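> Okay, sequence plus prediction incoming.
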Amino acid sequence: MKKKNGLSAILATVIVSGMLAGCSTSSAPKTQETNKPAGQKKYTINIYTSRIQPNPDSEAMKTISQKLGQDLKVTAVPDAPDYEQKLNLYYASNDLPDVFSPYTEDIKKNGTAKFTEDDLKKYMPLTYEAAIKQYKEQGYDKQTVFDRFSVDGKLATISMGNKELTYPYGLVIRQDLLDEFGLQMPKTLNDWEVFLKAYKQKYPNKYPITARGKDLIYQSFYSFIAAFGTSYDSWQKKDNKLVFGPYMPEMRDALELLSRWYKAGYINPEWITMDKAALDNEWINGNTVSYQYAKLDNVINAPYTEGSLGSIFDSLAAKNPKLKIQWAPFPKWKDNVKPALSAYELVGIKGVSFSKALEKDPDKLHAVMGVVDKLFNDKEIYMLRSYGIEGKTYDIVNGIPVIKKEFNNSDGKVKEGFEWFTAAGSPGVNWDLVKTIKSKNYTDNLKKYAEDPSGIYSRENTDWAISWVSGPLISQSGENLDVKRKAKYDEWGGMFAQVIIGSKTLNDFDKFIGQWKQEWGNDATEAANRLYLK
């Protein structure tokens, strides 16, 4: 275990690492003819995405290219901020890939090929159909959404949205430990503190809470921060006005609690250095009492089936024969404060875009648009991209695809060339297609916990953070405030961590917030409210 001063030194790396700006569709569309039409010109299509870098020589990738009649060249980076940094280099060298997601307003305005709604209908018909249907179902006005994606009256990017991300990640808890201590399911922060204290007394060399702090520090302690009705990087609606989460006085209250828990030994002192793999290992090894990013398709109760758990729950079960896991409500701070769960809008401000260079070759632009359309909407292509080769990398079990155990990891997916193009650069999720391959476990959980008004994650039982305001945020003097935001936000991540571990005080935090408001926050809040009310 590293000492506090060692952890503080690591903060320099954390601060510069950046934050994520932070993964839904009608009856499944019919599979389109995917063989190359006679006379269609063959292109090399450069796709820039994140997470999985597929092996171009894999059977899945070769089959996809063959069926599309195009050569796909995929470049992936781990995630933001790597994605944004590399994209900026592409842009600076005037060498943007054919397909990407613009992370800045400048790239959106000056680096993307522009197209019309008629172009979208003609060259991306499946995306267009899914988008219009999903906008309508979620109460979006089509033109308002298209305006969000437009520059000077033409579309610069497009997304059909992701219905799954409109629901929060779930929180699961070690029910067997609650039973061991004779405790009921915790509902409030006070209940949680009783649980944490009992655990620490029984297991003094373990830590009941840990978090992912190495690369996504703003996701750390998500469920406990949410209890205060605030969040790290989202706008909250309060008294009919938007307030930036870090500026809310409740954020100070949250940090005061977490600092106290850290001093009490409830929080693993290694949390700042932990990436997702380390966080998962703490859970798998039974060294933490809850897991804050469970998905509704996770099977949390035996009997477990191969591939159903993404490995973290079945691995935990293998080491803990008496294991019981249960979905938990997000904790409450006060009766009149609802947890602010950072779910996303159906349609955010980013989508899929195409290089401006393609405007010089309209035939290639239209071919690229068609390829992206099929990658996300044509079921045959979608299955190859998402799961690989049936019988080789996955099997159909009870009507749903289940990735074979030996391939259900990053190395296996890279080698076999599947589950790529799932994050940055994506045009969204066709829910009518995706729901045809969802398990009964998922649909049951979705109905019980999210869609039912009495569900612990329903809209009725939670306040939803406004993840972003359709921008850019422009000050009254015409300055693009989105550009200025990033550097200070990175500093905020460092301040957040330092207050928790005790190397900075709450007074330091207050001074930092005051300076941040003067430099950016006051103007940004005015601009956000102006845009939101509009």
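Nice, I can see it. Just so it is clear, the model here is predicted, and its values are computed rather than measured.
> Endpoints of stretch 377-393, how far apart?
By Cα to Cα, to the nearest Å, the extent of stretch 377-393 from end to end equals 21 Å.
> So which residues make contact with that stretch?
Under the criterion Cβ atoms under 8 Å, 6 or more residues apart in numbering, residues 28-29, 31-32, 34, 58-60, 63-64, 67-68, 126-127, 130, 374-376, 394, 396, 401, 403-404, 407, 412-413, 416-422, 430, 433, 436-437 lie in contact with stretch 377-393. All C-beta atoms are positioned from the backbone trio N, CA, C, and that covers glycine.
> next one: stretch 458-467
By Cβ under 8 Å, 6+ apart, stretch 458-467 touches 168, 229, 231, 233-237, 242, 245, 329-330, 338-345, 348, 449-455, 532.
> List only buried entries from the residues you listed.
Buried subset of the contacts of stretch 458-467 (neighbour count, 16 or more other Cβ atoms under 10 Å): 168, 229, 231, 233-236, 242, 245, 329-330, 338-345, 348, 449-450, 455.
> what number of residues lie near the nearest residue to Lys504 once chain neighbours are set aside?
Spatial nearest neighbour of Lys504, excluding adjacent residues (Cβ to Cβ, 6 or more residues apart in numbering): Gln498 at 3.8 Å. Using other Cβ atoms under 10 Å, Gln498 has 22 neighbouring residues.
> quick one: buried residues of the helix or strand hosting Gln498?
With secondary structure defined by DSSP states H and E, Gln498 is part of helix 481-501. For helix 481-501, the neighbour count (16+ other Cβ under 10 Å) marks 481-482, 484-486, 489-490, 492-501 as buried.
> Skip ahead from it and say which helix or strand is next.
helix 506-516.
> what about the stretch 401-534 of the chain, any weak spots by pLDDT?
470-471, 534 (pLDDT under 70).
> quick one: the strands in it?
463-464 (DSSP state E, counting those that start in this stretch).
> all helices of it, in order?
410-416, 431-434, 440-445, 481-501, 506-516, 522-533 (DSSP state H, counting those that start in this stretch).
> And the contacts of the last one?
Applying Cβ under 8 Å, 6+ apart, the contact partners of helix 522-533 are 235, 241-244, 247, 466, 469-471, 473-476, 479, 481, 485.
> mind running it again at 10 Å?
235, 237, 240-244, 247, 466, 468-477, 479-482, 484-485, 516-517, 521 (Cβ atoms under 10 Å, 6 or more residues apart in numbering).
> And the helices in the stretch 201-350 of the chain?
Going by DSSP H, counting those that start in this stretch, the stretch 201-350 of the chain shows helices at 222-226, 249-263, 276-284, 312-319.
> Could you report the distance from Trp192 to Asp482?
36 Å (Cβ to Cβ, to the nearest Å).
> Over to Trp271?
Counting by Cβ to Cβ - Trp271 and Asp482 are separated by 29 Å.
> so Lys324 touches Asn301, yeah?
Yes - applying Cβ atoms under 10 Å as the test, Lys324 and Asn301 come out as touching, 7.8 Å apart.
> give me the low-pLDDT residue ranges for the chain?
Ranges of the chain meeting pLDDT under 70: 1-39, 80, 218, 303-311, 342, 470-471, 534.
> what about 50?
1-34, 307-310 (pLDDT under 50).
> if we can go back for a sec, just the helices of the stretch 201-350 of the chain: most buried one?
Neighbour counts (mean count of other Cβ atoms under 10 Å) averaged over each of the helices of the stretch 201-350 of the chain peak at helix 222-226, with a mean of 24.
> Might you report the residue contacts of the residue lying closest to Pro125 once chain neighbours are set aside?
The shortest distance from Pro125 to any non-neighbouring residue, by Cβ to Cβ, 6+ apart, is to Asp373 (6.9 Å). Going by Cβ under 10 Å, 6+ apart, Asp373 touches 32, 120, 123-128, 130, 352, 381, 427.
> again with Met124
115, 130-131, 158, 160, 352, 366, 368-374, 376-377, 427.
> residue ranges for the strands of the stretch 251-400 of the chain, please.
Under DSSP E, counting those that start in this stretch, the stretch 251-400 of the chain gives strands at 290-294, 325-328, 340-341, 353-354, 394-397, 400-403.
> since we're on the nearest residue to Tyr103 once chain neighbours are set aside, how many residues are nearby?
Sequence neighbours aside, Glu84 is the residue nearest to Tyr103 in space, at 4.4 Å (criterion: Cβ to Cβ, 6+ apart). Neighbour count for Glu84, taken as other Cβ under 10 Å: 21.
> in the helix or strand containing Glu84, what counts as buried?
Using DSSP H and E, Glu84 maps to helix 82-92. Within helix 82-92, the residues that count as buried by 16+ other Cβ under 10 Å are 82-84, 86-87, 90-91.
> pretty sure Tyr203 contacts Lys197?
No - look at Tyr203 against Lys197 with Cβ under 10 Å: they stay out of range, at 11.6 Å.
> what about Gln498, distance to Pro81?
Taking Cβ to Cβ, one finds Gln498 at 20 Å from Pro81.
> before we move on, what about Ser355?
Ser355 is 21 Å from Pro81, by Cβ to Cβ.
> With Ile456 instead?
33 Å.
> Leu68 now?
Counting by Cβ to Cβ, the gap from Leu68 to Pro81 is 31 Å.
> higher neighbour count, those two?
When neighbours are counted by other Cβ under 10 Å, Leu68 comes out ahead of the other of Leu68 and Pro81, with 23 against 20.
> Pull out the buried residues from the contacts of Met124.
Once neighbours are counted (16+ other Cβ under 10 Å), the buried part of the contacts of Met124 comes down to 115, 130-131, 158, 160, 352, 366, 368-374, 376-377, 427.
> and Ala527, how many neighbours does it have?
Ala527 has 22 nearby residues by other Cβ under 10 Å.
> and if you look at Asp152?
Neighbours around Asp152, by other Cβ under 10 Å: 7.
> okay, stretch 81-92 in PDB with CA atoms only?
Only the C-alpha atoms of stretch 81-92 are listed here, as PDB (Å, rounded to 0.1, in the frame of the first residue of the first chain):
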ATOM      1  CA  PRO A  81      -8.500  12.100 -23.700                       C
ATOM      2  CA  ASP A  82      -6.400  10.000 -26.100                       C
ATOM      3  CA  TYR A  83      -9.100  10.200 -28.700                       C
ATOM      4  CA  GLU A  84      -9.300  14.000 -28.600                       C
ATOM      5  CA  GLN A  85      -5.600  14.500 -28.500                       C
ATOM      6  CA  LYS A  86      -4.900  12.300 -31.500                       C
ATOM      7  CA  LEU A  87      -7.800  13.800 -33.400                       C
ATOM      8  CA  ASN A  88      -6.400  17.300 -32.800                       C
ATOM      9  CA  LEU A  89      -3.100  16.100 -34.400                       C
ATOM     10  CA  TYR A  90      -4.900  14.800 -37.400                       C
ATOM     11  CA  TYR A  91      -6.700  18.100 -37.800                       C
ATOM     12  CA  ALA A  92      -3.600  20.200 -37.300                       C
END
